[in-house]
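> build me a structure from this.
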Amino acid sequence: MATGYLALVLHAHLPFVRHPEQDEFLEEDWFFEAITESYIPLLGMMERLVRDEVPFKLAMTVTPTLCAMLQDSLLRERYVRYLDRSIALAECEMGRNRDHDKLRGLAEFYRRHFLESRDRFFQWNGDLLGVFRRLRDDGCLEIVASAASHGLLPLLQQSPEAVRAQILVGCDSYRATFRAEPTGFWLPECAYHPGLENILRDANLRWFVIDAHGLMFGQPRPRRAIYAPGYTPAGPAAFARDRDSSRQVWSAAEGYPGDPAYREFYRDIGFELPGEYLWPGSSSVVRKFTGIKYHRITDRMGEKDLYDPAAAARMAEVHASHFLEMRRRKMDELRALDFDPVVVAPFDAELFGHWWFEGPQFLESFIRKAAHGRQNLRMTSKAQYGQEDFQLTTPTDFLAGHPTQQTVAPAGSSWGENGHLGVWLDKTNSWIYPHLHSAAERMTRVARACARDERPWTDRVLKQLARELLLAQASDWAFLIKTGTAKHYATKRVTDHVLRFNRLYDEFAGGNVDEGFLANCEWRDNIFPDIDWHYYV
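Here you go, the predicted model:
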C-alpha cells in the first residue's frame, strides 16, 4: 500500500519594527505579542514533544527581519519590560476583580501566562533562535529560508537585480543565523512568477511552496494534481498548498478558530478600561492590546460570555481529533491512486497563539494523536486495517525519499485573495511601486558603477543604500495600507526608507555624503550588517 505524507509548514514573519529613536513605540508591541503568544508557546510545544519522545516533523520559516529582531539587544530589553508591565497589570486586575470569582480567576490565568513566558525567556537566555537551532539539530524541525525583507517578488520583477538581492541576501542571513545551507525557500505570500525558479536554482535551493492553482495551471497539467511536487524546468521543486487543510485551520468563518468556546481576540481590556489605570505614568494615552482578554467568541453578533480556558482546551482536543480524521480520510482517497501523496499545509505561525490563542494546544494535540495512531498501527496487523496511517514529513525529507517527480512549469500565483496580487496592488497602495522601481534602478546603477571600488567608504554607503531599499520593499506595508489596520505607520515607513535612500544616493553621487546622516541611518536601520551590495551588479 502507498504511504501518505503530511507536511506542516509554519511561516513565522514580522516586518522589521525597531525604533531606537523613541523609548516606547506602539508598533514594537507587534513583536512582543508574537513572542509571548506564538513563538514561545510553539517552541515550548516542540520541546515537550522532544522530551516525551513523540516523533514529529515540522518545517518552519523564520524570516530574516524576524531573526534580526530576535537577536537585537535593545528589543530584548524592551521585551522584558513589556512582560514586567503585563505581569503588574494582571496583578492589578486580580485586585480589581477580587469580588468576581471568574474574572479574578482569569486575571490569575494571565498572570501565570506572562510569568511562564518570562521564565522561559530567561531560561533560554533570551536566545529563541538558539532554541530553533537546537530543535533543528534534534532532527524534528526543518528551518526554511525566505526573502530578505519579505518583498513581494512578482511585483519587484521589473528589476531582476532587486528580486535576486531579496533572495540572495535572505539566504546569506539564513547562513549567518542558522549556520547551515538553506534547502527550501518560502516565497513571500507564496507569490510566484515564471522565471523565479532560475534565481532559486542559482542560490542552490531545492524547493518552494506555491498556491494550489499555481501548480494546477502549470504546463503540462500535473498528473497527481497538488498531491505531488513538480520539478520546475530549472530544477527546484514546487510544492502546492492544500487549501482544504489550510482553510479548516485558519478560517475564522469556516474553520476551528471561530468556535464559540475559543478566546475572542478583539475584546481586550486595553480598549475598555481607563488609560491612566492601564498604563500609569505613561505619557501616551493611545489605546492598544494588553493581551488580557476576558471573553470568548460566543455569538459573533451578540453579547460575549466569559472565557473558560479549560473548556477551550477541551475543544482544541476535539478539533485536533477531527483534523486528524479528515487527513486520514483524504490520505485513504489518495492512496487508492497507487502513489505516495504529500499534502502540504502551510500557515502563518502567528495564527497559532496570537490570532487563535488555543492554536498551539491544537497543534500539539494533533501531533501527539497522529504519532499515537501510527504506533497503534505498527502494533497491529496492517492487513486488519487495509491501510497505513500517514506520516508527518518536511518537503526536504519527502524529496529525499521520492526523488522522481514530474516536470511542471508553474503559473503565476499567490495565496492572496482570489489567488492573485490584488491585496498588495490596488488603488490604495499602487503609489508605492514607482518609487520602489526607481530606487531599484538607482541601486543597480550605482552598484555597477562601483563594482570594482574597494574603498571602505563606498562599501559603507552602498550597504546602507541596500538596507533602505530592502526595507522599503517589504510586502507588509502595502498589506497594512490596503487593510487599513496601520495605514499611517506603513505609509510613513515606505516614505521614510525611500527618502533616506534618495538622500544618500544623491549625496554619494555628488561626492558629499553627510557622515552624521549616514551614521544615523545605520543606527536606525541596522539590519543585515554584512549585506553584499554586489548582488545588484
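> would you mind listing where this protein has pLDDT under the threshold?
For the chain, the stretches with pLDDT under 70 are 1, 283-285, 374-388.
> max-length helix in it?
Ordering each helix of the chain by length in residues (DSSP state H) puts helix 309-335 first.
> that one packs against which elements?
Contacts defined by 3 or more CB pairs under 8 Å, 6 or more residues apart in numbering; DSSP states H and E place helix 309-335 against helix 243-250, strand 342-348, helix 359-379. All C-beta spots, glycine's among them, are computed from the backbone N, C-alpha and C.
> I'd like to know which of those is closest to residue 483.
Closest of the helices and strands packed on helix 309-335 to residue 483 is strand 342-348, at 14.3 Å (criterion: CB to CB).
> next, the angle helix 359-379 makes with the closest one.
160 degrees (axes from the mean of the first three to the mean of the last three CA atoms, to 10 degrees).
> next one: strand 342-348 to chain centre, how far?
13 Å (CA atoms, centre = their mean, to the nearest Å).
> what's the angle from it to helix 243-250?
Calculated by the same axes, to 10 degrees, strand 342-348 forms an angle of 30 degrees with helix 243-250.
> now strand 342-348 - C-alpha only, CSV.
C-alpha atoms of strand 342-348 as CSV (Å, rounded to 0.1, in the frame of the first residue of the first chain):
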residue,chain,number,x,y,z
VAL,A,342,2.0,14.5,0.1
VAL,A,343,-0.4,17.1,1.5
VAL,A,344,1.2,20.4,2.2
ALA,A,345,-0.5,22.6,4.8
PRO,A,346,1.3,26.0,5.2
PHE,A,347,0.2,28.5,7.8
ASP,A,348,1.3,31.8,9.3
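> so which other helices or strands are in contact with it?
Counting contacts by 3+ CB pairs under 8 Å, 6+ apart, strand 342-348 is packed against strand 5-12, strand 237-240, helix 243-250, helix 309-335, helix 395-401.
> okay if I get the ones you listed as CSV plus mean neighbour count and distance to residue 93?
Formatted as CSV, the helices and strands packed on strand 342-348 follow (neighbours: other CB atoms under 10 Å; distance: least, CB to CB, whole Å):
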stretch, mean neighbour count, distance to residue 93
strand 5-12, 23, 30
strand 237-240, 27, 45
helix 243-250, 17, 30
helix 309-335, 17, 15
helix 395-401, 18, 44
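> can you put these in a markdown table and add distance to residue 456?
A markdown table is the format used below for the helices and strands packed on strand 342-348 (distance: least, CB to CB, whole Å):
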| stretch | distance to residue 456 |
| --- | --- |
| strand 5-12 | 35 |
| strand 237-240 | 42 |
| helix 243-250 | 48 |
| helix 309-335 | 55 |
| helix 395-401 | 39 |
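> so for residue 500, which of these sits nearest?
Between residue 500 and the helices and strands packed on strand 342-348, the tightest spacing by CB to CB is seen for strand 5-12, at 27.4 Å.
> centre of the chain to that closest one, how far?
Relative to its parent chain, strand 5-12 has a centroid offset of 11 Å by CA atoms, centre = their mean.
> could we number from 154 for the rest of this?
All set: I'll call the first residue 154, so the last point we hit is now strand 158-165.
> give me the residues contacting that strand.
Residues from elsewhere that reach strand 158-165 (CB atoms under 8 Å, 6 or more residues apart in numbering): 191-192, 195, 210-216, 219, 297, 299, 339, 362, 392, 398, 480, 484, 493-503, 505, 516, 523, 543-548, 551.
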